[in-house]
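**Student:** what's the 3D shape of this:
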Amino acid sequence: MGVNLCVIEGDGIGREIIPAAVQILHVVAPQVNVVVAEAGWDTFERQGSALPDETMQLAVDCGAVLFGAAASPSYPVDGYAVPIVRLRRQLQTYASLRPTNYLPVPTARDGVDLIVVRENTEDLYIGHEYTADNGHTGISEKVITRRATERVARKTYELARAAGRHKVTIVHKASVLLQSDGLFRKVALEVGAAYPDILTDELLVDTAAYWMVKDPSRFDMLLTPNLYGDILSDMAAAWGGGLGLAPSLSLGDGVALAEPVHGCAPDIAGQNIANPTAAILSLALLLRHHWGMHEAASQIENAVRVTLAAGFHTADIHFDGALSTQAYTDRVCMNLG
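**Tutor:** You can find the predicted model right below:
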């Protein structure tokens with residue numbers, strides 16, 4: 001059976017950065033068969049669904065997805081559901097890996113090497129929202145379960161052990177949210193006790209945010225509920241050079257969903273100036289952690305570092321000497337080897 005990848009460009013700059021990543025993929029892993037599907041706001045406007053059934057089925061059949069970005073309105077729209085959230089839950093990619101490593105760009109901070117592991121299927125993101133009091137009160141349900149916390153905690157410690165990392169920091173707000181975050185804390189600590197070779201500590205989320213700003217080098221791996229991981233990983237991305245360089249990979253049992261952390265950036269879409277690095281590095285995470293193609297993943301990561309170290313970059317890094325999306329991608333391709 002062949003190795004298949006479901007590729008979804010989505011909206012905005014997704015249509016530029018995902019083809020860039022696919023260009024890299026064809027060089028380092030030509031045996032991967034790419035299957036193209038669609039999702040996003042534009043798809044919703046055309047078809048009445050942001051994630052058509054055929055796209056979901058292709059994602060399930062492939063077991064691996066490379067997703068760009070989807071535009072989402074900041075107000076309720078009948079029938080619209082955020083496609084990436086639906087994909088994560090349908091595929092049960094329950095552990096979102098969001099690494100931040102120093103890259104040779106002026107906006108990065110030397111010495112930062114951390115991974116936020118974010119539980120990816122529940123918390124406030126389950127979508128149980130409604131209004132009461134004649135529309136004057138909005139209510140969202142936060143759901144934390146033992147099952148989901150156990151599996152993401154176990155995945156975190158197994159990844160830490162495999163990568164030779166030494167500390168996991170459990171992030172929560174159990175001081176206030178006694179039943180939900182309290183359960184997350186309790187279960188995560190129980191799992192951590194089974195890994196005595198890895199140091200476990202814990203921080204309240206506001207304290208973790210303080211240290212992410214003050215001294216991110218204190219972190220090795222962070223284990224968080226869904227919402228906190230979303231926020232803290234974006235904060236961490238600032239130390240890695242910005243969102244244009246921030247990759248992620250959501251892992252489940254035998255399935256994976258790679259996506260850049262940034263959004264669809266409609267203000268620069270179609271101008272061939274978007275930074276494809278986050279999408280390219282997300283692909284590298286997919287190759288390493290899902291397919292076990294470690295050499296190909298290292299090729300990509302090394303090529304990105306060499307390209308940036310030589311001063312080649314897109315406009316989000318620096319306007320002077322900025323390359324287009326395509327020209328930058330071609331430079332990365334030249335450094336693959």
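**Student:** For the residue nearest the centre of the chain, give me its contacts.
**Tutor:** Nearest residue to the geometric centre of the chain (Cα atoms, centre = their mean): Ser248, 2.7 Å. By Cβ atoms under 8 Å, 6 or more residues apart in numbering, the contact set of Ser248 is Ser96, Leu97, Arg98, Ser233, Ala258, Glu259, Pro260, Val261, Ser282, Leu285. (Each C-beta comes from the backbone N, C-alpha and C, glycine too.)
**Student:** go with 6 Å
**Tutor:** If a contact means Cβ atoms under 6 Å, 6 or more residues apart in numbering, then Ser248 has Ser96, Arg98, Glu259, Val261 as its contacts.
**Student:** Pretty sure the second one sits in a strand.
**Tutor:** When you say that, I think you mean Arg98. Yes. Per DSSP: H, G, I helix; E, B strand; the rest coil, Arg98 lies within a strand segment.
**Student:** so Ile317, which of the three states?
**Tutor:** The three-state label given to Ile317 by three-state DSSP is coil.
**Student:** That one and Leu286, how far apart?
**Tutor:** Ile317 is 24 Å from Leu286, where distance means Cβ to Cβ, to the nearest Å.
**Student:** next one: Pro104
**Tutor:** For Pro104, the distance to Leu286 equals 23 Å [Cβ to Cβ].
**Student:** the more surrounded of the two?
**Tutor:** Leu286 (28 against 16; other Cβ atoms under 10 Å).
**Student:** Hmm, the more buried one is touching Pro260, no?
**Tutor:** No. Applying Cβ atoms under 6 Å as the test, Leu286 and Pro260 come out as separate, 11.9 Å apart.
**Student:** got any residues that touch both of the two?
**Tutor:** Jointly contacting Leu286 and Pro260 under the rule Cβ under 6 Å, 6+ apart is no residue at all.
**Student:** Need the three-state assignment for Cys6.
**Tutor:** With three-state DSSP as the criterion, Cys6 reads strand.
**Student:** Report the contact partners of it.
**Tutor:** Val35, Ala37, Leu58, Ala59, Cys62, Val65.
**Student:** Counting neighbours, which of the residues you listed comes out on top?
**Tutor:** Result: Val65 is most packed of the contacts of Cys6 (other Cβ under 10 Å), 28 neighbours.
**Student:** Quick check: the gap between it and Lys173.
**Tutor:** Distance, Val65 to Lys173, by Cβ to Cβ: 31 Å.
**Student:** residues making contact with stretch 318-332?
**Tutor:** The contact list for stretch 318-332 (Cβ under 6 Å, 6+ apart) reads Glu16, Ala20, Gln23, Asn272, Ala274, Pro276, Ala303, Val304, Thr307, Phe312, Thr314, Ala315.
**Student:** actually stretch 8-21, not the one I typed
**Tutor:** So stretch 8-21 is contacted by 37, 39-42, 67-71, 264-266, 269, 274, 276, 279-280, 283, 325, 329 (Cβ under 6 Å, 6+ apart).
**Student:** Quick check: which ranges of the stretch 51-200 of the chain have low pLDDT?
**Tutor:** By pLDDT under 70, the stretch 51-200 of the chain contains no weakly predicted segment.
**Student:** Appreciated, that's everything.
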